[in-house]
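Give me a 3D structure for the following:
(chains A and B)
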Number of protein chains: 2
Amino acid sequence: MKKTILLLSVAALLAAGCQCKQGPAATPAETVMANILQRKSVRAYTDDTIPAQVMENLLRAAMAAPSGRNLQPWSFVVLTDKSQYDSIFANNFNLPMFKASAAIVVVCADTTALMPPRDNRNADPLRQPNHLWRDDMGAVTENLLLAAEAHGLGACWTACYPYPDRMEPVKRLLGLPATVLPYCVVPIGYPAGDNQPKDKWDPARIHHGRW
Amino acid sequence: MKKTILLLSVAALLAAGCQCKQGPAATPAETVMANILQRKSVRAYTDDTIPAQVMENLLRAAMAAPSGRNLQPWSFVVLTDKSQYDSIFANNFNLPMFKASAAIVVVCADTTALMPPRDNRNADPLRQPNHLWRDDMGAVTENLLLAAEAHGLGACWTACYPYPDRMEPVKRLLGLPATVLPYCVVPIGYPAGDNQPKDKWDPARIHHGRW
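From the prediction side, this is the model:
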């Protein structure tokens, strides 16, 4: 009897102990789901800087994205020197938000791939268009945002591609290679103010068997 | 003294109890990172079906994705009747994998948006091209895959757009509206066999200040 009570108490304490994780006794699935549902666009930041190890984690998450034929078309330029921003982001209405952030990740995409010709898999790789790079980059960016949320950071996905006027100064001033373009610009920092996620759940968007 | 020992035991048990979550006493950030890094393409599945509540969670995660101007261009068709697959996926080399899965999510995108004209925000909304739908859909699909991983499921992102021959039968047989296209097809099931994530971490892809 005493043993039962002890076991029950321990079970209750175990459940309570995990409250620190995320809600009462969160499972990994619950923690992951909560992070996905809590992610939001954050446009105001404190003055705190981002530790190098944290930024590495964010980029580690980004590089874990899937990619068509595993071509991994991504690269990243991390910016913290705000004196550059007026020129790099000259044509981007998000400039004030960029200046308020602790760091910016310019998420870049190589729109080509080195692949052997389809008719001769043993030949030297040729540079060819990669038709799926844009899909991959959406996943890359989402991983970056989710990792930022998990680390208590706030971030905001701002489009660069497909707008030529936004891309041109970024590409030129950051010295991107000819086949690489700036896909999006993500300012990151510790959130200031109250930031709440949108509830976008809409069962009407789910169809079963056919539309 | 007895109280101290009890407290220490409880602390040890709390720590041990959280090992089940993910590693020893994983923080939410560690759990989220582990899930992102553990996500992999899974192409072989057991015969187990997916509980309705779990599928709802996956779609809840998908709909929590960000979208340009919050236009939320996504919809989902969930398929489980394998007798349909030969015709719907007639031109898709992934057909055998689809048939092995417990369920398929056809992730759909409305390529247009109802928006007021730029020059008159008070006018009736017009149907206009949405230039960012494809970026949004990459994030939607990644959220779906991450939620599947978190629930112990395996999934595989297979492209449908931009291939007309793959899209045509899906669009016709599922009855998608004119402005909606099948973006990708994601088979999901409980993993069979050994599935390991790729380690894609590559610090050479990170640049600081400029390329």
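
which residue does chain A bring closest to chain B?
Per Cβ to the nearest Cβ, A:G138 is where chain A lies closest to chain B, at 1.8 Å. Yep, even glycine has a C-beta here, placed from its N, CA and C like the rest.

in chain A, which helix has the most residues?
Taking DSSP state H as the criterion, chain A has its longest helix at helix A:133-150.

to the chain's geometric centre, what's the distance from that one?
Using Cα atoms, centre = their mean, to the nearest Å, the mean C-alpha position of helix A:133-150 is found 3 Å from that of the whole chain.

Could you do stretch A:72-85 as well?
14 Å.

remind me which residues of chain A are low pLDDT?
When residues are selected by pLDDT under 70, those of chain A lie in A:1-24.

show me where it has strands.
Under the criterion DSSP state E, chain A contains strands at A:74-79, A:103-110, A:112-115, A:126-129, A:154-155, A:158-159, A:180-189, A:206-208.

quick one: contacts for the residue sitting nearest the centre point of chain A?
Centroid check for chain A by Cα atoms, centre = their mean gives A:L144 as the closest residue, at 2.0 Å. Residues in contact with A:L144 (Cβ atoms under 8 Å, 6 or more residues apart in numbering or on different chains) are A:58-59, A:61-62, A:105, A:107, A:155, A:186.

ranking the residues you listed by neighbours, who comes first?
Compared across the contacts of A:L144, A:A155 has the highest neighbour count, 30 neighbours, by other Cβ atoms under 10 Å in any protein chain shown.

Roughly how far does it sit from B:T80?
Taking Cβ to Cβ, to the nearest Å as the measure, A:A155 falls 36 Å from B:T80.

Same check on A:M55?
For A:M55 relative to B:T80 (Cβ to Cβ), the value is 42 Å.

Those two: which is more packed in?
Neighbour count, other Cβ under 10 Å: between A:M55 and B:T80, A:M55 has more, with 24 against 14.

wouldn't the more buried one be in contact with A:T80 here?
No - the criterion here is Cβ atoms under 8 Å, and A:M55 misses it with A:T80 at 9.5 Å.

Overlap of the contact sets of these two?
A:A103.

Tell me if stretch A:61-81 is near chain B.
Yes - judged by Cβ under 8 Å from any Cβ of the partner chain, stretch A:61-81 and chain B are in contact via A:61, A:63-66, A:68, A:70, A:72, A:74-81.

right, I mislabeled it, should have said stretch A:89-100
No - against chain B, stretch A:89-100 shows no contacts by Cβ under 8 Å from any Cβ, the least distance being 12.8 Å.

Centre of the chain to that stretch, how far?
Offset of stretch A:89-100 from its chain centre (Cα atoms, centre = their mean): 19 Å.

again with stretch A:50-65
The chain centre lies 9 Å from the centre of stretch A:50-65; the measure is Cα atoms, centre = their mean.

Export it to PDB, keeping only CA atoms.
C-alpha atoms of stretch A:50-65 as PDB (Å, rounded to 0.1, in the frame of the first residue of the first chain):
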ATOM      1  CA  ILE A  50      22.800  36.600 -30.300                       C
ATOM      2  CA  PRO A  51      25.500  34.200 -28.900                       C
ATOM      3  CA  ALA A  52      27.500  32.600 -31.700                       C
ATOM      4  CA  GLN A  53      26.500  29.100 -30.600                       C
ATOM      5  CA  VAL A  54      22.800  30.000 -30.800                       C
ATOM      6  CA  MET A  55      23.300  31.400 -34.300                       C
ATOM      7  CA  GLU A  56      25.200  28.200 -35.300                       C
ATOM      8  CA  ASN A  57      22.200  26.100 -34.000                       C
ATOM      9  CA  LEU A  58      19.800  28.100 -36.200                       C
ATOM     10  CA  LEU A  59      21.900  27.500 -39.300                       C
ATOM     11  CA  ARG A  60      22.300  23.900 -38.300                       C
ATOM     12  CA  ALA A  61      18.500  23.600 -38.300                       C
ATOM     13  CA  ALA A  62      18.300  25.400 -41.700                       C
ATOM     14  CA  MET A  63      20.800  23.000 -43.300                       C
ATOM     15  CA  ALA A  64      18.800  20.000 -42.000                       C
ATOM     16  CA  ALA A  65      16.000  20.900 -44.500                       C
END
